[in-house]
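Participant: Sharing a model that was predicted from the sequence below.
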Amino acid sequence: MNDSQREDGRPPVLLHDEPPPVLRPPARGTALPAPLAALLAARDAHERRRAIDDMLATTGCDWLVFGALVPSRDTARPVSMCTAHADPGWIRRYCAEGYYEVDPRLADAARSSLPAAWTLAQLEAAAAGAPARAPLRRFVEDLAGTGMRGGTVLMLPAEPDGRRHFVSLLVRDPDCRLLSGELVGQVLTIGFCLHEYYTRYSGLPDRAEPAAALTPVQREILGHVARGESDKRIAHHLSISSHAVDYHMRQLRNRFAVHNRVQLAQASRQMLGA
């Protein structure tokens, strides 16, 4: 079934860029781990990206993904993911295809309080016996297409509402020291510092309800999409140009991690309770 036909009922995942700081940092003189101090000292998102790039360089990592999950049957379902430090296209595909439902890395990480290392070769071996178009095979093949050859996933302790934040580090080099277990201390430090910064000092939009992060115009557009109206009709109702509607539609597809109008309409109906 192609994307324009599929209506799988998966809840949307809130994708977001680097969130803005919202709380004052601790008083000067407070002892802080170096990664957290660097994040708090950053004056804007650009400096914060650079601080995170420095963290990645210490471990030889190429990508970093921070997000939140909720338990779902035998696996976990993401409710939010930050796209600022990895390929946003891969994250959107991962969510839209529901790869988290078959991703063995999540289950491995959930069973331990330590980072769970993985290699692409291990995932390919696990998927070798699956049919050619089975979800696990497609996931592993798509992951291989990103150029990432290994990584580690750290699950943070559960929040009161059952959510669990996670930090996923990915590498292109299959011989990276990260995969040998030598850098467990650095991974734990990075994971807990990111968690502390994002959940305590930033405006992290990590709830399962994407509406909180939408503009009033985007909320109105979603309502019209849920009712099956065309872009032309939406532009007429809102007295905006068709180019503006097209821009907001692209932003909404990214926000809800969907590929097309059919999936966006379904996600909007779920959000609006229609």
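Facilitator: Great, that's in hand.
Participant: Please enumerate the strands of this protein.
Facilitator: Assigned by DSSP state E, the chain shows strands spanning 14-16, 63-72, 75-82, 116-119, 150-158, 164-171.
Participant: Flag the shaky bits of the stretch 101-250 of the chain, pLDDT-wise.
Facilitator: For the stretch 101-250 of the chain, the stretches with pLDDT under 70 are 203, 205-213.
Participant: What are the boundaries of the helices in it?
Facilitator: Counting by DSSP state H, counting those that start in this stretch, one finds helices in the stretch 101-250 of the chain at the ranges 104-110, 120-127, 135-145, 184-196, 216-226, 231-238, 242-255.
Participant: which helices and strands does the third one pack with?
Facilitator: Just to be clear, that refers to helix 135-145. Applying 3 or more CB pairs under 8 Å, 6 or more residues apart in numbering; DSSP states H and E, one finds that helix 135-145 contacts helix 88-96, helix 120-127. Yep, even glycine has a C-beta here, placed from its N, CA and C like the rest.
Participant: could you redo the last one with a cut-off of 7 Å?
Facilitator: If contacts are counted by 3 or more CB pairs under 7 Å, 6 or more residues apart in numbering; DSSP states H and E, helix 135-145 sits against helix 120-127.
Participant: tell me what the helix it packs on is packed against?
Facilitator: So helix 120-127, by 3+ CB pairs under 7 Å, 6+ apart, packs with helix 135-145.
Participant: neighbours around S180, how many?
Facilitator: By other CB atoms under 10 Å, 10 other residues sit near S180.
Participant: How about G60?
Facilitator: 16.
Participant: List the contacts of it.
Facilitator: By CB atoms under 7 Å, 6 or more residues apart in numbering, the contact set of G60 is V171, D173, C176, R177, L178.
Participant: okay if I get the strands of the chain as a markdown table plus distance to E97?
Facilitator: Output for the strands of the chain, formatted as a markdown table (distance: least, CB to CB, whole Å):
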| stretch | distance to E97 |
| --- | --- |
| strand 14-16 | 14 |
| strand 63-72 | 15 |
| strand 75-82 | 12 |
| strand 116-119 | 19 |
| strand 150-158 | 18 |
| strand 164-171 | 17 |
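Participant: Compare the ones you listed and give me the one nearest Q251.
Facilitator: Of all these, strand 14-16 sits nearest to Q251, with 10.3 Å by CB to CB.
Participant: who does that closest one pair up with?
Facilitator: Strand 14-16 sits in its sheet next to strand 75-82 (parallel), going by DSSP bridges.
Participant: where does G60 fall, phi/psi-wise?
Facilitator: As for G60, its main-chain torsions (degrees, to the nearest 10) stand at phi 80, psi 20.
Participant: picking that back up, and of the strands of the chain, who's closest to P88?
Facilitator: P88 lies closest, by CB to CB, to one member of the strands of the chain: strand 14-16, at 7.3 Å.
Participant: Quick one: closest of the strands of the chain to I190.
Facilitator: strand 164-171 (6.8 Å).
Participant: Measure how far that closest one is from the centre of its chain, please.
Facilitator: Distance, stretch centre to chain centre, for strand 164-171: 9 Å (CA atoms, centre = their mean, to the nearest Å).
Participant: ok so, going back, what subset of the contacts of G60 is buried?
Facilitator: By neighbour count, with 16 or more other CB atoms under 10 Å, these hold V171, C176, L178 as buried.
Participant: would you list those in a markdown table and tack on distance to W63?
Facilitator: Shown next, in a markdown table, are the buried ones among the contacts of G60 (distance: CB to CB, whole Å):
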| residue | distance to W63 |
| --- | --- |
| V171 | 8 |
| C176 | 12 |
| L178 | 12 |
